[in-house]
Structures are given as C-alpha cells and as structure tokens.
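Engineer: fold the following for me, if possible:
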Amino acid sequence: MNFTVVNSDRESAARTGKIKTDHGEINTPVFIPVGTLATVKGLFHKELTEDAKAQIILGNTYHLYLRPGTDIIQKAGGLHKFSSWNKPVLTDSGGYQVFSLAAKRKLTPEGYYFQSHIDGSRHFFSPEKVVDIQRIIGADITMALDECTPGDATYEYARDSLKLTQQWLERGLAHFRLSRSLYGYEQTFFPIVQGCTYPDLRKQAAEHAASLDAEGYAIGGLSVGEPAEVMYQMIETVHPYLPEDKPRYLMGVGTPANILEGIARGIDMFDCVMPTRNGRNGMLFTREGIVNIKNKKWADDLSPVDAQGTSFVDGTYSRAYLRHLFTAREMLASQIASLHNLAFYLQLVKEAADHIENGDFTPWKKQMIKRLETRL
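Structural biologist: Numbers count the residues shown, from 1 in each chain. Next up is the predicted model:
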C-alpha cells in the first residue's frame, strides 16, 4: 500500500490524498460502507459502485470467521472472489466484539475466549490468529487485535487495557511481518490507537503505534458513549504523534457532522453502519437536515427525497412515495433509504475534498454542519 498527500487545508488539519492498493486506488477522505458479512445490507455491488460511488468496503473478521467460515473463504480464493467484489476491502480485527460481547467473552494476556452469538460455540482469538484469519479473508487493509474500552471506563481499567492492546499489537505485527499473503497481492496492517478518553493514554498509544512504522494507523474506542466534543479532543490529542505521510482511519464514526469534524482534524478514512442501519429504520440524511421519513408530515410531500442533494435518489423518488413504502413495509423502502444515505455520505466526503482543494473547506464545513444537524 502507498499513500500520498495531495492537498492540505490552510486553516485546519484537513487534507486529501490517494491510497494505492493492488485492488485499486482510493481517494481520501473516504467513507467506507460496512459490509459485515461480505455484503452491504440490501444493496448490489453495482449500486454501491455506480450509484453510491463506493471505493472500498469493510468486512468483519469476527462475523466472517463464524459464518461462512475461513475454510469456505479460502476455498473461494479470498473474500474478493467469494463475494465478487473487485475493489479494495478493509477488515477489522474482532476487537470491537470484545467490547460488544462483554457477557460472552473472557480476556487473557494470550487473547480472548468468546462464545458465538450464533450457536454458543466457544472460540479463541489471539493476535496471531486474527492475522491468520485476515490473511485468509484476503483484505487489502487489516487491523491489529485490540480491546475497545467503553467510553466511561475508569482510568485504571483504560490503562491496563491499553497495556494489553499494545502487547497484542506487537505480537500481531511481528506475526504479520513473518507471514505472507495467500493470493498473490499485497496486504497491509494497521495498529489501532486506544486509550479511552484519557489524553495521556491516547498520547502514549499514538507514540507507541507510530514507533512501529506501520503503513497506516487506526483510531479506535471512540463514539462508544462519550460526548462528541470529547471524541474530537482525543483525535486532536493523537494528531501530532501519528506520521503525516500515513493514512489515519477513525473507526466506527459516525454522523455526517462527526465526519466533517474528523476531516478537519486530519482523519482520512471513516466507516460506520449509520447510513444503512438508520436508513432501514426510516432516517434519511440530506443537505437540508435529517428526515424521519415515517412521519405523517411527509405523506403528501411530492418533492424529492433530498431537493438540494446529488445522490441517485434525488428527482427519482418523492418523500411521499418513500414514506408509502415504509408504511406498507415494502423491502424497496429499506433499499432506497440505505442507498440514498450511502450516496449522501460518499458525496459529502467528495465535496469536502473539493473544498480542501479549493481552499475554502473551513467556512464550508461550518455552514454545512449547521444544516446537517437540523431535524426537519
């Protein structure tokens, strides 16, 4: 993988860049649609690439390991061939499941034991095993095993958790560098910077990760219950310690406003389930603000879903029609809403890149965020 900074904003840490992988080039800043089980729910690849303009998707190591399983993925020749996706893929490491499956896991210095949410079967992830699983999946960008601490963790817990994450990182990176890709193309490995909401721990984590000379760096453990301003503070805390010539990936974030604030603080890559998950529940993101399309007020509104936007939906489907589909519980409702939201997110980061290039990103961001956070 190769990363090049193309443009930098004069008033903030925002920048544009290009990530080159063996499955294609990625223009940054980039939003990564979440395809947990080798699919972005309800959407065809053609819709993702042609309508939403997705450059890369995310797969989930924990879920793919459990189902369909690494044997089938390896037999297919990796996730790209198994899912017929020919663009870049990023996989997380399963670390978030350490956080979200608290009742079904046990942490140890060696790794963590957990029970499958599917059938209760018992499994073990070590830093080395997670590297091996991601080698089999064949993702272009892979992640280190970490523990994601809750946003309200005590300092003592966060300190001990970070120590464990750093030990796992060193083991995982050593194993990654000794192992090889299975399918004839290069893969890369990102450390994950943890440290909860404590600036000194975040600084320590960023310095440690940067010392390992990886090809990119992820920032994890944010947007897990802490206030947005605290999240922004943590991004600002680690910014000076992460190499400027490497991409920075903010994991699991967030709202459109969160993403613009992240870009302003030097983040290059984002992922979040919000566009599709919220879309399936009737929440639409538009340039005018947030729309709950299930509300009765839209029942006779024949205007486009996003009158000022540029996604494929605009001018094609009205708010009244989409509300009708949700009311009738038609599958098409979730498909349209999910694709609209993804197209909106991807257009938003593309527009941010244009404003960085034009030199007016900061004033554009300020007026844009006011609109994005309005509830219509």
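
Engineer: quick one, phi psi at Arg202?
Structural biologist: Here is the backbone geometry of Arg202 (degrees, to the nearest 10): phi -60, psi -40.

Engineer: give me the neighbour count for it.
Structural biologist: 26 (other CB atoms under 10 Å). All C-beta spots, glycine's among them, are computed from the backbone N, C-alpha and C.

Engineer: ok, Glu11 next?
Structural biologist: 12.

Engineer: and the pLDDT at the nearest residue to Gly59 once chain neighbours are set aside?
Structural biologist: Nearest residue to Gly59, sequence neighbours excluded (CB to CB, 6 or more residues apart in numbering): Thr91, at 4.9 Å. For Thr91, the pLDDT comes out at 98.

Engineer: measure how buried Thr91 is and give me the count.
Structural biologist: 23.

Engineer: who's in contact with it?
Structural biologist: 58-61, 64, 134, 137, 139, 141-143 (CB atoms under 8 Å, 6 or more residues apart in numbering).

Engineer: Tyr198 now?
Structural biologist: Here Tyr198 is in contact with 155, 158-159 (CB under 8 Å, 6+ apart).

Engineer: got any ranges where this protein has weak pLDDT?
Structural biologist: Low-confidence regions of the chain, defined by pLDDT under 70, span residues 98-99, 101-102, 308-315.

Engineer: now the helices for the stretch 201-350 of the chain?
Structural biologist: Per DSSP state H, counting those that start in this stretch, the stretch 201-350 of the chain carries helices over the ranges 228-238, 256-264, 274-280, 319-327, 331-358.

Engineer: so the most centrally placed residue in the chain versus Gly252, what's the distance?
Structural biologist: By CA atoms, centre = their mean, the chain has its centre lying nearest to Asp271, at 1.8 Å. Taking CB to CB, to the nearest Å as the measure, Asp271 falls 6 Å from Gly252.

Engineer: looks to me like Gly184 is in a strand.
Structural biologist: No - counting by DSSP: H, G, I helix; E, B strand; the rest coil, Gly184 is not found in a strand; it is coil.

Engineer: returning to that earlier point: show me what the residue nearest to the centre of the chain is bridged to.
Structural biologist: Beta bridges link Asp271 to Ile32 when assigned by DSSP bridges.

Engineer: enumerate every residue touching it.
Structural biologist: 31-34, 58, 90, 249, 251-253.

Engineer: going by neighbour count, which of those comes out on top?
Structural biologist: Neighbour counts for the contacts of Asp271 peak at Leu90, which has 28 neighbours (criterion: other CB under 10 Å).

Engineer: and it, that's in a strand?
Structural biologist: Yes - counting by three-state DSSP, one finds Leu90 located in a strand.

Engineer: could you list every residue that touches the nearest residue to Leu376 once chain neighbours are set aside?
Structural biologist: Nearest non-adjacent residue to Leu376, counting by CB to CB, 6+ apart: Gly289, 4.6 Å away. Applying CB under 8 Å, 6+ apart, we find Gly289 in contact with 371-376.

Engineer: tell me the contacts of the residue nearest to Ala214 when sequence neighbours are not counted?
Structural biologist: The spatially closest residue to Ala214, leaving aside those adjacent along the chain, is Pro191, at 5.3 Å (CB to CB, 6+ apart). With contact taken as CB under 8 Å, 6+ apart, Pro191 is in contact with 144, 169, 173, 209, 212, 214, 217-218.

Engineer: buried subset of the residues you listed as a ChimeraX selection?
Structural biologist: To isolate in ChimeraX the members of the contacts of Pro191 that are buried, counting by 16 or more other CB atoms under 10 Å, one can use:
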select :144,169,173,209,214,217,218
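
Engineer: how close does Leu43 sit to Gly17?
Structural biologist: Distance check for Leu43 against Gly17: by CB to CB, it reads 27 Å.

Engineer: would you map the strands across the stretch 51-200 of the chain?
Structural biologist: Per DSSP state E, counting those that start in this stretch, the stretch 51-200 of the chain carries strands over the ranges 57-59, 89-91, 105-107, 112-115, 122-125, 141-143, 188-190, 192-193.
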